[in-house]
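In: Have a look; sequence and predicted model below, questions after that.
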Amino acid sequence: MTDVVKRFPGVVALGGVDLTVEQGEVHCLLGQNGAGKSTLIKVLAGVHRADEGTVEWRGEAVGLPDPQAAMDLGIATMYQELDLVDGLTVAENIFLGHEPSRAGFSQRATARRAAAGLLAELGHPEITPTTEVGALSAAAQQIVSMARALSRDARLIIMDEPSAVLDAGEVEQFFAVIREITARDVAVIYISHRLEEIREIGDRVTVLKDGKTVSTAMDAKTTSTQDLIRLMTGRSIEYVFPRRSPVAGAEPMLRIENLSQKGEFADISFQVRPGEVVGLAGLVGSGRTEIVEAIFGATRATSGTVTVDGRTVRPGSVPAAVAAGIGLCPEERKSQALVLQASLAANISLASLAKFSRAGLLDRHGETRAAEALLDSLDVRPRGAHRESRTLSGGNQQKVVLARWLLRGCKVLLLDEPTRGVDVGARSEIYGLIRELTDQGVAVVVVSSEIPEVLGLSDRVLVIADRTIRHEGPADELDEHAVLDIILKGDAA
Amino acid sequence: MSFDLTKAETPKADDAETETAPEESAARRGGLVDFLSGPAGRNLGLVLALVLLIIVGILTGGERFASTDNALTILRLGSVIGVVSVGMTFVIAGEGIDLSVGAIVALCSVWATTIATQTMAADYHWSVMVFVALAVGAGCGLVNGVLIAYGRIAPFIATLAMLAAARGLAEIIAKRRTQIIRERGFVDFFGGSVAGVPVLVIMFAAVAAAGWVLLNRTTFGRRTLAIGGNPEAARLAGIRVQRHTMYLYILLGLACGIAAVMLMARTTTGTSTHGTLYELDAIAAVVIGGTLLSGGRATLVGTVLGVLIFTTLTNVFTLNNLDTSTQAVAKGAIIVAAVLLQQRVARTGST
């Protein structure tokens, strides 16, 4: 593909991508979160249409108007979220959408035989075609997914972080399968954050940054880790971070001790003092979101304690966490934070309804006044406390969520991806707001996929990788390079 | 190998949703559309439908339709299902559904008219029967609520089970016989009138008014709408979603208890066939009233109008000697028409 551009309204997700994949090679795509990897895959899979640029397939320019067109060409995609139907059998999943049939009746026996053949070719004859997919392990499901791609005579299989759900042994088996299919001249685009894997399975590497290919077709075995990290980093940041204010050497406001959740994260301990911002840096899926959700009581930690201002918070209860003075701006603003069809005022007062309750009756004037005051001071536009929250832009919606906790008055504020989908102007305002809060003695925890943001915003940084804390230190002693280094050099799977 | 890092340009990370769009489109849209898609406009449509029905009633029924007596008959007939519909509005507003209301009404009516209950009522006071009906209703609602909120059973399934079980229990208790109410005090009180208005109609009005205040003017109503609109957001704002959901079903169970008392007074009986298909009538009234089945938006005025529309329709049809089967077909058509209209309005409202 040459010079592919994909624009979303207002955002250029891909701004010039060049990528050439040869037959039978494993071509690795590397890039930070938001670099455009997912969008690129979706363009190739026919889910999104490119706005500019050309895709050539075996020497001919092709359009990829829809997923069916891509499949017909022989491009198959294994998405990060496995797209198998749990309730159907292995054979049914493999032939989903192109079941062998005669006169409208599906040929189940034919399908079973063909499925068994494919699985045997992949070196996994132990997976029986009549098993329900839901009963299989994650690793076996990956194999089924790959068999499905092969059943459609795929010549190019795109794999989006296939190893994320596999353990070390399973990854080895999976690689054996990849070698098997590339030996048959099938090409693979392999996406992973784990450099060791790329070294082991990859032939060539292309690095994406800010929706562009910064370097393409480097040798996967010999290119140095230093070079790869340097290529991925250095995203130019145009936002200005407010100056840090000195943190008063007070007792910690938030203290987390040995917090663990089975299968999600282990042994997390840290403290946040009043007026301090602690940033959690890590990749998507590293356990960051799960950590803040457990602190907030939205999920129950298996062990460990959360202490706010010297008092232990009852675990696994959001109301208890809120009562203790913790607030959370969750990762997914629209599905987790806002009642979209409700007014701004109703959204802002949601965590403080008791404040406006007079013997159960709602003091609506007081509510509107309080909401308007906050909307004014946060400069939320367009104006109007009775406007539906869905009509606002991402940045303004985020301010509304912040206003909710400002109204409540928090001692500890947890911010999960506070600037995702937020434009540059609103970003700076949100950064400023966070500093204003810390000046008032609030303890803040920030989670972000954007390493420069974590570094710029925080006083101290915890680097999370493989579901635990890998590094802890002052933000000004770290740079993006160092953080990525810690993340990527973590345990190999 | 050397790489020129300065080549990388910054992303044009404008916001995906432009800030000015909503304002502009609102300005471009006429004020009329805004009004019609607002709550007042939706209710206006229902009022128009009701007026239309009344005109048809006058044209076809003449004097027989347009009399105070007939108007009170309509209100009296609508009052029982009206009370259930008010409760149903809350459950639907909270993104739930309850199919068991008719069966709960039957069980309440049977339990409150057993020989044991009636003997106790004769010994103490007829209000014993009222308390029994309310307690049984609230109890059934509690079971529904616990199963749905804490047992995480889908509301459709949990209340379907209650539908079967409650009516079955009613049949067992009543041994499939109709139990006559011998307590004159009970029948006289609820069957009477105050200043010409039947007590049943006054009760419906009172329940509807209380429901309106609860939905629109209390923190309880606000929490209900938040949970219906986005349960996860409500949970992460510290609202006790499970407990609140349970309350909603108890509230509806209580409404069923009240409805059972009213039905007992109207028919002077308690029987396991009371309230048959109330669930469908109540859901239909709530939905054509403008409450979203997906939760988060509710209107009690709409529900009351929905009840009146259906009751008036039945009345007009009965006066014209059309059988119940024809009525059922017409009801079905009205439900579809109302929902299609709602969707249309919702779309103009959101784009």
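Out: Happy to help now that I have it. This one's a predicted model, so the numbers in the text were calculated from it and none came from an experiment.

In: which residue does the stretch 51-200 of chain A bring closest to chain B?
Out: Using C-beta to the nearest C-beta, A:Asp51 is the residue of the stretch 51-200 of chain A that sits closest to chain B, at 13.2 Å. In short, each C-beta sits where N, CA and C put it, glycine included.

In: how many other residues sit next to that residue?
Out: Applying other C-beta atoms under 10 Å in any protein chain shown, we find 14 residues neighbouring A:Asp51.

In: Can you tell me the element A:Glu472 falls in?
Out: Using DSSP states H and E, A:Glu472 sits in strand A:468-474.

In: same thing with A:Lys399?
Out: Per DSSP H and E: helix A:394-408 holds A:Lys399.

In: Tell me who's in contact with residue 115.
Out: All of this refers to chain A. Counting by C-beta atoms under 8 Å, 6 or more residues apart in numbering or on different chains, A:Ala115 touches A:Val90, A:Ala91, A:Ile94, A:Phe95, A:Pro129, A:Ala147, A:Ser151.

In: Could you rerun that using 7 Å?
Out: Contact analysis of A:Ala115 by C-beta atoms under 7 Å, 6 or more residues apart in numbering or on different chains lists A:Val90, A:Ala91, A:Ile94, A:Pro129, A:Ala147.

In: Run a quick neighbour tally on the last one.
Out: The number of residues packed near A:Ala147 is 27, by other C-beta under 10 Å.

In: cool, the first one as well?
Out: Number of residues near A:Val90 (other C-beta under 10 Å) recorded here: 29.

In: What score does the residue of the stretch 151-300 of chain B found nearest chain A have for pLDDT?
Out: As assessed by C-beta to the nearest C-beta, chain A sits closest to B:Gly238 within the stretch 151-300 of chain B, at 3.4 Å. If you check B:Gly238, the pLDDT there is 93.

In: Same check on the one 3 residues further on?
Out: As predicted, B:Val241 sits at a pLDDT of 96.

In: Run the contact check for the helix holding A:Lys399 versus chain B.
Out: Yes. Using C-beta under 7 Å from any C-beta of the partner chain, helix A:394-408 comes into contact with chain B via A:Gly394, A:Gly395, A:Asn396, A:Arg404.

In: Tell me who's in contact with the spatially closest residue to the third one that is not a sequence neighbour.
Out: Excluding its sequence neighbours, the residue lying closest to A:Asn396 (C-beta to C-beta, 6 or more residues apart in numbering or on different chains) is A:Val380, at 4.9 Å. Applying C-beta under 7 Å, 6+ apart, one finds that A:Val380 lies in contact with A:Asn396, A:Lys399, A:Val400.

In: Please dump those into JSON lines; it should also carry pLDDT for every row.
Out: JSON lines is the format used below for the contacts of A:Val380 (pLDDT from 0 to 100):
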{"residue": "A:Asn396", "pLDDT": "89"}
{"residue": "A:Lys399", "pLDDT": "93"}
{"residue": "A:Val400", "pLDDT": "94"}
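
In: which of those residues lies closest to chain B?
Out: Closest approach between the contacts of A:Val380 and chain B, by C-beta to the nearest C-beta: A:Asn396, at 7.0 Å.

In: Counting neighbours, what do you get for the closest residue to A:Pro330 other than its chain neighbours?
Out: Distances taken as C-beta to C-beta, 6+ apart put A:Gln336 closest to A:Pro330, at 3.8 Å, once the chain neighbours are dropped. By other C-beta under 10 Å, 20 other residues sit near A:Gln336.

In: where's the residue nearest to A:Asn396, which helix or strand?
Out: Here A:Val380 is assigned to no helix or strand, by DSSP H and E.

In: Could you check how far it is from A:Leu374?
Out: Using C-beta to C-beta, to the nearest Å, A:Val380 is found at 8 Å from A:Leu374.

In: Quick check: A:Ser335 touching B:Glu232?
Out: Yes. Shown here, A:Ser335 and B:Glu232 form a contact pair, counting by C-beta atoms under 7 Å, at 6.3 Å.

In: Of the two, give the one with the bigger neighbour count.
Out: Shown here are A:Ser335 and B:Glu232; by other C-beta under 10 Å, B:Glu232 has more neighbours (16 against 12).

In: Now do the SS call for the nearest residue to B:Ile283 once chain neighbours are set aside.
Out: The shortest distance from B:Ile283 to any residue other than its chain neighbours is 6.4 Å, reached at B:Met88 (C-beta to C-beta, 6+ apart). With DSSP: H, G, I helix; E, B strand; the rest coil as the basis, the three-state label of B:Met88 is helix.

In: Give the full set of residues in contact with B:Met88.
Out: Residues near B:Met88 by C-beta under 7 Å, 6+ apart: B:Asp98, B:Val101, B:Leu252, B:Ala282, B:Ile283, B:Val286.

In: How about B:Ser79?
Out: If you count contacts by C-beta under 7 Å, 6+ apart, B:Ser79 has them with B:Leu200, B:Val201, B:Met203, B:Phe204, B:Met262.

In: could you redo those residues as JSON lines and give each row distance to chain A, neighbour count and pLDDT?
Out: Shown next, in JSON lines, are the contacts of B:Ser79 (distance: C-beta to the nearest C-beta, whole Å; neighbours: other C-beta atoms under 10 Å in any protein chain shown; pLDDT from 0 to 100):
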{"residue": "B:Leu200", "distance to chain A": "27", "neighbour count": "27", "pLDDT": "96"}
{"residue": "B:Val201", "distance to chain A": "26", "neighbour count": "21", "pLDDT": "96"}
{"residue": "B:Met203", "distance to chain A": "22", "neighbour count": "20", "pLDDT": "97"}
{"residue": "B:Phe204", "distance to chain A": "23", "neighbour count": "26", "pLDDT": "97"}
{"residue": "B:Met262", "distance to chain A": "26", "neighbour count": "29", "pLDDT": "96"}
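
In: Return the member of these nearest to A:Arg470.
Out: Nearest to A:Arg470 among those is B:Phe204, at 65.4 Å by C-beta to C-beta.

In: Could you check how far the closest one is from B:Pro155?
Out: Note on B:Phe204: its distance to B:Pro155, by C-beta to C-beta, is 25 Å.

In: same check, this time on A:Gly63
Out: Separation of A:Gly63 from B:Pro155 (C-beta to C-beta) stands at 46 Å.

In: Then B:Gly96?
Out: Relative to B:Pro155, and taking C-beta to C-beta, B:Gly96 is found at 4 Å.

In: Which neighbours do these two have in common?
Out: With C-beta under 7 Å, 6+ apart, B:Gly96 and B:Pro155 have common neighbours B:Ile148.

In: Going by secondary structure, the spatially most central residue of chain B is in what exactly?
Out: Central residue of chain B (C-alpha atoms, centre = their mean): B:Ser85, 2.3 Å from the mean position. Secondary structure from DSSP H and E places B:Ser85 in helix B:68-93.

In: Identify the residues contacting the helix or strand following that helix?
Out: Beyond helix B:68-93 on the C-terminal side, the first helix or strand identified by DSSP H and E is helix B:101-111. With contacts defined as C-beta under 7 Å, 6+ apart, helix B:101-111 is touched by B:84, B:88, B:117, B:132-133, B:136-137, B:140, B:162-163, B:166-167, B:169-170, B:173-174, B:179, B:252-253, B:256-257, B:259-260, B:263-264, B:270-279, B:282.

In: Right, I'll call it a day here.
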